Structures are given as structure tokens and as C-alpha cells.
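A.B. asks: What would the 3D arrangement of this be:
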Amino acid sequence: MIVVVKYAKKVQRDKGSTLLSLQEVENMEKEFKFDESKTIDFTGKHKTILIIFAITFIVMIGSLIPWNDLGVHVFDGWSSFLTGADYGNWYFGEIAMWFFVMEIIIGIVAGMDEKELIKNFMAGAADILSVVLIIVVS
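C.D. replies: Just a heads-up that it's a prediction; the model follows:
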């Protein structure tokens, strides 16, 4: 990552040092030009959504650690009502349910109505469908 950042700074200073052709640089500048008038303010709602999203991933990572095997019984029964499996024994089904529930919660916090929530959910599912098919086939 450090190498990529150094390369990006080098290219910002001297556009001639890039590996891209002149036509590619022109296309990039045309397509991805930064427009300050289109900036989005980072509101309290955005911060709340980001915190919920981070908690979602923290809970997911913790759900894959076999806490009972490590002698930790604090989480016993914590998630059985949601997934039917104890926290620390989750697998694909339980994690999918967790993300589905959190997607609904984040949509509500974002102020989406049910049509917009379903539209965004379907668009996200369509985006990952090709990746899922590749994983299933391989």
C-alpha cells in the first residue's frame, strides 16, 4: 500500500511519469475529474450509519471465533433468537441473516422507505451475483 501511495504522489507531481498513455490520462481526467461543487457533507446520519456498519463487521468477525472452545461462555445464547446458533458457531446462513437484518436497520436509519430499500437491496444483489456464480462453479 505504501508503494501505491508513493506512486500516486509521484504521478500527481509529474503526470509524465505514469504508465498510462496520453489518451488514457485524458480519458481518466474527463471521467473522474473531481468537482468540488458535488461534495457531500458528512452528517450525523452518515456517522451513525458508518458506526452501525462497523459494528456489523465486528460482530461478524467475532461470530466466526469458536468462543466455547476457548472457554469463553459470555456469549452463550446471545444470538440464538436471531440465527438459531450460538455466537461463535455462525456460518454462511447465520452471517447472511445478520447482514440482512443490519441492512434493514441501516436502511431505516438512512430514512429509506420500503420501495427504496428493496430497490437498493436488489441492485446490490445484482452487483454480486456474477461473483457468487463464479464461486459456486469453482
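A.B. asks: so what's Phe53 up against?
C.D. replies: 102, 106 (Cβ atoms under 8 Å, 6 or more residues apart in numbering). The C-beta positions use only the backbone N, C-alpha and C, and glycine is treated the same way.
A.B. asks: Could I get the buried residue list for the one helix or strand it maps to?
C.D. replies: Take DSSP states H and E as the rule and Phe53 turns out to sit in helix 44-63. Neighbour-count burial for helix 44-63, counted by 16 or more other Cβ atoms under 10 Å, picks out 49, 56, 59, 63.
A.B. asks: Identify the residue with the minimum pLDDT among those.
C.D. replies: Note: of these, the lowest pLDDT belongs to Ser63, at 87.
A.B. asks: what separates that one from Ala125, distance-wise?
C.D. replies: Taking Cβ to Cβ, to the nearest Å as the measure, Ser63 falls 22 Å from Ala125.
A.B. asks: What of Leu82?
C.D. replies: For Leu82, the distance to Ala125 equals 21 Å [Cβ to Cβ].
A.B. asks: who's more crowded, those two?
C.D. replies: More neighbours surround Leu82 than the other of Leu82 and Ala125, with 13 against 10 (other Cβ atoms under 10 Å).
A.B. asks: ok, Arg13 to Val4 distance?
C.D. replies: Distance, Arg13 to Val4, using Cβ to Cβ: 15 Å.
A.B. asks: Tell me where the model's unsure across this structure.
C.D. replies: For the chain, residues meeting the criterion pLDDT under 70 lie at 15-21, 25, 36.
A.B. asks: mind putting the buried residues of helix 44-63 in TSV, distance to Ile40 included?
C.D. replies: Output for the buried residues of helix 44-63, formatted as TSV (distance: Cβ to Cβ, whole Å):
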residue	distance to Ile40
Ile49	13
Thr56	22
Val59	27
Ser63	32
